[in-house]
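Q: Sequence first, then the predicted structure:
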Protein chains: 2
Amino acid sequence: MSVMQSGAVPLESYKDMIDGEIERLVLERLSSPRDQPAMGLAREVLLAGGKRYRPMLGLIAYEAAGGEDVGNVMDFALSAELIHTATLVHDDVYDRSKMRRGKPTIHASHGIPHAIIAGDYLFALGFELGARHEPRIIDLVSASCARVASGEILQLEHIRDLSTQPENYYEIIDGKTAGPFATACSCAAIVADHEEFVEPMWNYGMEMGRAFQLVDDLLDLIGDESTGKPRGTDVLEGKMTLPIIHALTVTHGADRDQLADVLTNYNDSRLRELTDLLERAGSFDYSQLLISNHIERALESLSSLPDSGAKGLLIDFAEMSRSRTN
Amino acid sequence: MSVMQSGAVPLESYKDMIDGEIERLVLERLSSPRDQPAMGLAREVLLAGGKRYRPMLGLIAYEAAGGEDVGNVMDFALSAELIHTATLVHDDVYDRSKMRRGKPTIHASHGIPHAIIAGDYLFALGFELGARHEPRIIDLVSASCARVASGEILQLEHIRDLSTQPENYYEIIDGKTAGPFATACSCAAIVADHEEFVEPMWNYGMEMGRAFQLVDDLLDLIGDESTGKPRGTDVLEGKMTLPIIHALTVTHGADRDQLADVLTNYNDSRLRELTDLLERAGSFDYSQLLISNHIERALESLSSLPDSGAKGLLIDFAEMSRSRTN
């Protein structure tokens, strides 16, 4: 069950708010001759949907941390989504991905130069909106971007590296996914002007981001293609995800040789062979256990927050992320 | 004669100041585990030299506008150089350039993913430093980036478009080059807290940026390869520069057919054939005249500024840009 299909009207209404604000921003910039050529390209990916998890977490964390007017944190929330989208557009260029959010990627439809430029434009716009808050926010946003860049570089260094360790994996996902989630939640507490909740919110976001990435990596192997993305994409790209790292560590003998061969000479027809090996190694159970641990820790980090509807949504968000299918 | 070889010690000392600050920033970020992987890549292009025109103009314009402690504008000046370098790294990816600032480009030595990520990191760092100033500065920096993106997209749309008009050319160079020069100079006046010089500085930067790009485009055709870049690169990439646009407009008959053929089927051996056609059409003289006009207008825009050493340097800078060779 996806967060978006949960029937939880309040969560859906935060997403609607974000979608509406993004639409307003796109229209505003399209009407400026200065932005029109760049936004004309970027609008497609901005309006193609997307889960909007980062900005939603920003809005909800703001309220859970005692913020009273969600409009005060909106620029930051949009900034998080714009910068996230910028990295997706650029990732898709070098991953050569053909589709994103159900539409052709910018580089697939317009070429690599256009995609690189559109991503750069989205970065600039994201930083412009983030800088409308106090200076500390943009420092944290920039630090988050530095961590994303470093995480992505580490990930490239470990492509098809069968000796990758779990600590390498965590270094990568903490940089590219958990850091932005933690930044979204903790900056929201700063904007809410409740310093005492900045660290708990950072921890909640960090643990949620880890759980999110671990679920994403599991879905690449055993997800339902009818509701999500095509499977095996990460394997094809040589990305070392945790189930694979686990299996390489615990498997020996003929299974280990077969596993190394599947990973080194992977093609779509070998997905079942790979998942059978991972199943036998207990790697899916291991990943599920870690996901549960991260979600438990995310929930624990909320303990110091006063009870509120928004805190309830953060709890729901954590519980549901366990079982999302796309 | 290049600005850097002019023997003008004061100008050189501003460049040294920028170089020193960039080196300090690189070392600082290399010592942080968060930035190390990304800065490890970006350091090469940051420390490989470069003219540093944008940050130098920022420092000198700040003093010419009455600013007293150049340290107050340094973050902005570095921001201008970091964002400029980010766009160079990304341009080199899609222009497939092998060399930049005398060294292999990041994508040539490390691959396209690394170059895209390093550029993104430089953007984030540039915005972080720019946001240390008052909020108005980052709005202007972001607006400048939007104009750069839009200018680059327009440039792509006019690749090998023989019907490109001078106004298309100006729309492109105002976005990608003159805008950042104007932003550097006008933001410096804002940081100096002299509102009355913001517009004159904007105009000076705009005219200087136009002159700079027109000289750059001339050097691609008739520069001295021993002191500058290889010639004909823009022609090979199909970029429509002003001498070419001019020649296409004024040439008729057999010369026009030959010109269209050279441009459409260009290779390195046809450079002389092209420059002979441009010479006959008076296109180099036309470009030189426009360069002189832009420099005159840049100088005129300084008239409201009080006399000072820094104002003298802005005048020198304008005079020397007329005759630079690289």
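A: Sure thing, it's come through. Numbers count the residues shown, from 1 in each chain, chains lettered A, B, ... in the order given.
Q: low pLDDT regions in the stretch 151-300 of chain A?
A: A:227-228 (pLDDT under 70).
Q: who's in contact with residue A:65?
A: Contacts for residue A:65 (C-beta atoms under 8 Å, 6 or more residues apart in numbering or on different chains) come out as A:188-189, A:192, A:194, A:197, A:201, A:305. Every residue, glycine included, has its C-beta placed from N, CA and C.
Q: Tell me the most packed of the residues you listed, by neighbour count.
A: For the contacts of residue A:65, the largest number of neighbours (other C-beta atoms under 10 Å in any protein chain shown) sits with residue A:188, at 32 neighbours.
Q: Can you give me the distance of that one to residue B:128?
A: 19 Å (C-beta to C-beta, to the nearest Å).
Q: Any idea how many residues pack against residue A:269?
A: Residue A:269, neighbours per other C-beta under 10 Å, totals 8.
Q: sorry, that was for residue A:130
A: One way to gauge burial is a neighbour count; for residue A:130, by other C-beta under 10 Å, it gives 27.
Q: residues contacting it?
A: Applying C-beta under 8 Å, 6+ apart, one finds that residue A:130 lies in contact with A:75-76, A:79-80, A:83, A:137-138, A:141, B:131.
Q: Which residue is the nearest non-sequential neighbour of it?
A: Using C-beta to C-beta, 6 or more residues apart in numbering or on different chains and skipping the chain neighbours, the partner closest in space to residue A:130 is residue A:79 (3.7 Å).
Q: Go ahead and produce CSV holding the CA coordinates of the strand or helix carrying the one you found.
A: Take DSSP states H and E as the rule and residue A:79 turns out to sit in helix A:74-95. Extracted in CSV, the C-alpha atoms of helix A:74-95 (Å, rounded to 0.1, in the frame of the first residue of the first chain):
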residue,chain,number,x,y,z
MET,A,74,6.5,26.5,1.9
ASP,A,75,9.5,28.1,0.2
PHE,A,76,11.8,25.6,2.0
ALA,A,77,9.5,22.7,1.1
LEU,A,78,9.4,23.7,-2.6
SER,A,79,13.2,24.2,-2.5
ALA,A,80,13.6,20.6,-1.3
GLU,A,81,11.5,19.3,-4.2
LEU,A,82,13.2,21.4,-6.8
ILE,A,83,16.7,20.4,-5.8
HIS,A,84,15.6,16.8,-5.5
THR,A,85,14.1,17.0,-9.0
ALA,A,86,17.4,18.6,-10.3
THR,A,87,19.4,15.6,-9.1
LEU,A,88,16.9,13.2,-10.7
VAL,A,89,17.2,15.0,-14.1
HIS,A,90,21.0,14.8,-13.9
ASP,A,91,21.0,11.2,-12.5
ASP,A,92,18.8,10.2,-15.4
VAL,A,93,21.4,11.6,-17.9
TYR,A,94,24.2,9.5,-16.6
ASP,A,95,22.1,6.4,-15.8
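Q: Spit out the contact partners of residue A:260.
A: For residue A:260, the set of contacting residues under the criterion of C-beta under 8 Å, 6+ apart consists of A:162, A:248.
Q: Quick check: residues of the stretch 51-200 of chain A near chain B?
A: By the criterion of C-beta under 8 Å from any C-beta of the partner chain, the positions of the stretch 51-200 of chain A lying close to chain B are A:86-87, A:90, A:93-94, A:111-114, A:116-121, A:123-125, A:127-128, A:130-132, A:135, A:138-139, A:141-143, A:145-150, A:152-154, A:156.
Q: Now do the residue in the stretch 201-326 of chain A that chain B sits nearest to against residue A:97, distance only.
A: With C-beta to the nearest C-beta, the shortest gap between the stretch 201-326 of chain A and chain B falls at residue A:237, namely 10.7 Å. Residue A:237 sits at a distance of 9 Å from residue A:97 (criterion: C-beta to C-beta).
Q: residues touching the residue nearest to residue A:139 when sequence neighbours are not counted, list them.
A: If the residues on either side of it in the chain are set aside, residue A:139 comes closest to residue B:128, at 6.2 Å by C-beta to C-beta, 6+ apart. By C-beta under 8 Å, 6+ apart, the residues touching residue B:128 are A:138-139, A:142-143.
Q: ok, now residue A:184?
A: Contacts for residue A:184 were tallied using C-beta under 8 Å, 6+ apart; they are A:54-55, A:57-58, A:61, A:77, A:80, A:205.
Q: tell me what the lengthiest helix in chain A is packed against?
A: Selection of the longest helix in chain A by residue count, based on DSSP state H, yields helix A:198-222. In this structure, helix A:198-222 makes packing contacts with helix A:53-64, helix A:166-173, helix A:179-191, helix A:233-236, helix A:242-250, helix A:271-280, helix A:283-300, helix A:309-321, judged by 3 or more C-beta pairs under 8 Å, 6 or more residues apart in numbering or on different chains; DSSP states H and E.
Q: Go through that helix and flag the buried ones.
A: Counting neighbours by 16 or more other C-beta atoms under 10 Å in any protein chain shown, one finds that the buried residues in helix A:198-222 are A:198, A:200-221.
Q: And stretch A:37-54, by the same measure?
A: Buried residues in stretch A:37-54, counted by 16+ other C-beta under 10 Å: A:37-46, A:50-54.
Q: ok now that stretch, how far from the chain's centre?
A: Distance, stretch centre to chain centre, for stretch A:37-54: 15 Å (C-alpha atoms, centre = their mean, to the nearest Å).
Q: tell me the mean pLDDT for it?
A: pLDDT averaged over stretch A:37-54 equals 94, rounded to a whole number.
Q: So for it, first residue to last residue, what's the gap.
A: Distance between the two ends of stretch A:37-54: 27 Å, counting by C-alpha to C-alpha, to the nearest Å.
Q: coming back round to it: which of the contacts of residue B:128 has the most neighbours?
A: Using other C-beta under 10 Å as the contact criterion, the top neighbour count among those goes to residue A:138, which has 28 neighbours.
Q: That one: what's its closest spatial neighbour, skipping adjacent residues?
A: residue B:131 (4.0 Å).
Q: Figure out the helix or strand that residue A:326 lives in.
A: Going by DSSP H and E, residue A:326 is not part of any helix or strand.
Q: Quick check, pLDDT for it.
A: pLDDT, residue A:326: 72.
Q: I'd say it and residue A:225 touch.
A: No. Look at residue A:326 against residue A:225 with C-beta atoms under 8 Å: they stay out of range, at 9.8 Å.
Q: Point me to the residue of the stretch 151-300 of chain A nearest chain B.
A: Using C-beta to the nearest C-beta, the closest approach of the stretch 151-300 of chain A to chain B is made by residue A:153 at 4.3 Å.
Q: what's the residue lying closest to that residue once chain neighbours are set aside in contact with, if anything?
A: The spatial neighbour of residue A:153 that comes closest, neighbours along the chain excluded (C-beta to C-beta, 6+ apart), is residue B:37 at 4.3 Å. When contacts are counted by C-beta under 8 Å, 6+ apart, residue B:37 is found next to A:149-150, A:153-154.
Q: Would you reformat those residues as a markdown table and include neighbour count and secondary structure?
A: Supplementary listing: these in a markdown table, determined by neighbours: other C-beta atoms under 10 Å in any protein chain shown; DSSP: H, G, I helix; E, B strand; the rest coil:
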| residue | neighbour count | secondary structure |
| --- | --- | --- |
| A:149 | 31 | helix |
| A:150 | 28 | helix |
| A:153 | 23 | helix |
| A:154 | 19 | helix |
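Q: What's the end-to-end length of stretch A:222-230?
A: Distance across stretch A:222-230, first residue to last, is 10 Å (C-alpha to C-alpha).
Q: Need the residues that contact that stretch.
A: A:2, A:219-220, A:231, A:275, A:284, A:325-326.
Q: mind running it again at 10 Å?
A: Residues outside stretch A:222-230 that contact it (C-beta atoms under 10 Å, 6 or more residues apart in numbering or on different chains): A:1-2, A:5, A:97, A:99, A:215-216, A:219-220, A:231-232, A:236, A:243, A:268, A:271, A:275, A:278-279, A:284, A:287, A:324-326.
Q: so what pLDDT did residue A:10 get?
A: Note for residue A:10: predicted pLDDT of 82.
Q: For it, the count of nearby residues, please.
A: 12.
Q: cool, residue A:79 as well?
A: When counting by other C-beta under 10 Å, one arrives at 27 neighbours for residue A:79.
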